[in-house]
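Peer 1: Here is a sequence with its predicted model. Questions after.
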Amino acid sequence: MTCCCHVYYGIIQQKQQREMVMLDYNPSAEELVKLVGKPLYDVWIALTGLIETKYDTERLWNSGGKMWKYEYKYRRGGKTLCALYARENCIGFMVVFGQDERTKFEASRDSYSKETLKVYDESQTYRDGKWIMFEPNDTSLFDDFIKMLSIKRKPNIK
């Protein structure tokens, strides 16, 4: 599910933040299917659908910088909840935890899968937070993703 270079995403993502620009258009479903492939597009749709059933947020398409073609960011109250990324044959799901959120995650470690814990433990912590990047190829970690998002913000859709 994850590639060996996910540990370095934090460094790359920090550089990308300075290089990303808002898109003038939203990529079409056909464009995303062509980019990531039908199976990963189905995972993308399932994940966005799940997030959108729990959170009413602003959604922004951006360029993905040097590592990704697209970024799809969920924001609420001026703060990012999470972001999805797309590039050739790959999708990404990123959440950034500050110190308080890391403390809450650590207190509930027993409730997460081994794979989620591995990605979390191998993710780099920077001054602005721990950048946790997953590359899902199925829906098996979605429950963990939602638990992580609820640490950042309680769902605002009942």
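Peer 2: Okay, I see it.

Peer 1: Identify the residues contacting L47.
Peer 2: With contact set as C-beta atoms under 8 Å, 6 or more residues apart in numbering, L47 has these partners: 84, 93, 136, 139, 142, 145. (Each C-beta comes from the backbone N, C-alpha and C, glycine too.)

Peer 1: How far away from the center of its chain is the helix or strand that contains it?
Peer 2: Secondary structure assignment for L47, by DSSP states H and E: helix 38-54. Between the mean C-alpha location of helix 38-54 and the chain-wide mean there is a distance of 12 Å, by C-alpha atoms, centre = their mean, to the nearest Å.

Peer 1: cool, stretch 140-156 as well?
Peer 2: Distance of stretch 140-156 from the chain centroid (C-alpha atoms, centre = their mean) equals 11 Å.

Peer 1: do the same with stretch 46-60
Peer 2: Put simply, stretch 46-60 sits 12 Å off its chain's centre (C-alpha atoms, centre = their mean).

Peer 1: and what of stretch 30-47?
Peer 2: In terms of C-alpha atoms, centre = their mean, the centre of stretch 30-47 is found 15 Å from the chain centre.

Peer 1: Just the buried ones from the contacts of L47?
Peer 2: Buried members of the contacts of L47, scored by 16 or more other C-beta atoms under 10 Å, are 84, 93, 136, 142, 145.

Peer 1: mind putting these in JSON lines, pLDDT, distance to L32 and secondary structure included?
Peer 2: As requested, those are exported to JSON lines (pLDDT from 0 to 100; distance: C-beta to C-beta, whole Å; DSSP: H, G, I helix; E, B strand; the rest coil):
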{"residue": "L84", "pLDDT": "98", "distance to L32": "10", "secondary structure": "strand"}
{"residue": "F93", "pLDDT": "98", "distance to L32": "15", "secondary structure": "strand"}
{"residue": "P136", "pLDDT": "98", "distance to L32": "15", "secondary structure": "coil"}
{"residue": "F142", "pLDDT": "98", "distance to L32": "19", "secondary structure": "helix"}
{"residue": "F145", "pLDDT": "98", "distance to L32": "19", "secondary structure": "helix"}
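
Peer 1: Closest one of those to W44?
Peer 2: L84 (6.7 Å; C-beta to C-beta).

Peer 1: what bridges to that closest one?
Peer 2: Counting by DSSP bridges, L84 forms beta bridges with Y72, F93.

Peer 1: Isn't it up against V95?
Peer 2: No - counting by C-beta atoms under 8 Å, L84 sits too far from V95 to count as a contact (10.6 Å).
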